[in-house]
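Novice: Sequence and predicted structure below; questions after.
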Amino acid sequence: MPVHVETDGAVTTIVLDRPDRRNAIDRAHAELLADAVRAFEADEAASVAVLTGAGGHFCAGADLREIAAGQPNRVEDDGDGPLGPTRMQTEKPILAAIEGSAVAGGLELACWCDLRVASTTARLGVFCRRWGVPLIDGGTIRLPRLIGQSHALDLILTGREVGADEAMRMGLVNRVVPAGQARARATELARAIAAHPQTCLRGDRASVLEQWSLPLPEALRNELRHGRRALAHESMTGAKDFLGRPRDPRR
């Protein structure tokens, strides 16, 4: 399967598997990817997902060969995005594990994820600038929010390549790991995230994502609304667990 899913406890791994195209995504594979994300969201046993690519690359974006053949990706105003899940706001976190190319729409897909773990082989950039293909999977929105307008415009206007170390310095990726270890380290990070109380974690995450379109007073009320769910379901248990632990001398 060009998009396949693996489960290990609370961690789901979604793998783009078209290595002959550097995991470029056409319309059919965008639908498969969106369906895989929806299945992850619906799986009550799953807490965190890792999105990665096979064959040493993350994703080269939209499949330009299919576009040139007159079979473009979906570009309707509503529903799924051109690359599938890029218009979704999931309730659960998704981490990108990046080896090799995460360029054009592949960069947009990585920016859609919550965190990005990149190996030293990673190469990121708005390569579609070179071919007159626009960013329509959230790149013009998420890039400035992640790395600031100046860095974002540098990438968007020039189409230049950014390596893992520079991406780390500008905040485009969260971890840099040795070659070949992106998936393993992202999975390790996913397990650590999945071990936390999930109502509280998801509520805080939702508040972060939702605050962008809200005035400050409304954003603060929204934060409290999410927080009350955690207070009602997890905080008392957490407080009791804290009191029952051996005292940490560093605290």
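Specialist: In hand now; what should we look at? Numbering: from 1, shown residues only.

Novice: now Pro144, what's its secondary structure?
Specialist: helix (DSSP: H, G, I helix; E, B strand; the rest coil).

Novice: Near it, how many other residues are there?
Specialist: 15 (other C-beta atoms under 10 Å). For glycine as for every other residue, the C-beta is placed from the backbone atoms N, C-alpha and C.

Novice: what residues are up against it?
Specialist: By C-beta atoms under 8 Å, 6 or more residues apart in numbering, the residues touching Pro144 are Ala152, Leu153.

Novice: and Val50, what are its bridge partners?
Specialist: For Val50, the beta-bridge partners under DSSP bridges are Thr13, Leu95.

Novice: Do a quick rundown of the helices in the stretch 151-251 of the chain.
Specialist: 164-170, 182-194, 198-210, 216-230, 236-244 (DSSP state H, counting those that start in this stretch).

Novice: Ignore what I typed, I meant the stretch 1-150 of the chain.
Specialist: Under DSSP H, counting those that start in this stretch, the stretch 1-150 of the chain gives helices at 27-42, 64-68, 105-112, 139-147, 149-158.

Novice: got the CA coordinates for the third one in CSV?
Specialist: Once non-C-alpha atoms are left out, helix 105-112 reads as follows in CSV (Å, rounded to 0.1, in the frame of the first residue of the first chain):
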residue,chain,number,x,y,z
GLY,A,105,3.8,20.4,-0.3
GLY,A,106,5.9,18.0,1.8
LEU,A,107,7.1,20.9,3.8
GLU,A,108,3.5,22.1,4.2
LEU,A,109,2.6,18.6,5.4
ALA,A,110,5.5,18.7,8.0
CYS,A,111,4.3,22.1,9.2
TRP,A,112,0.8,20.8,9.6
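
Novice: Sweet, I'm off.
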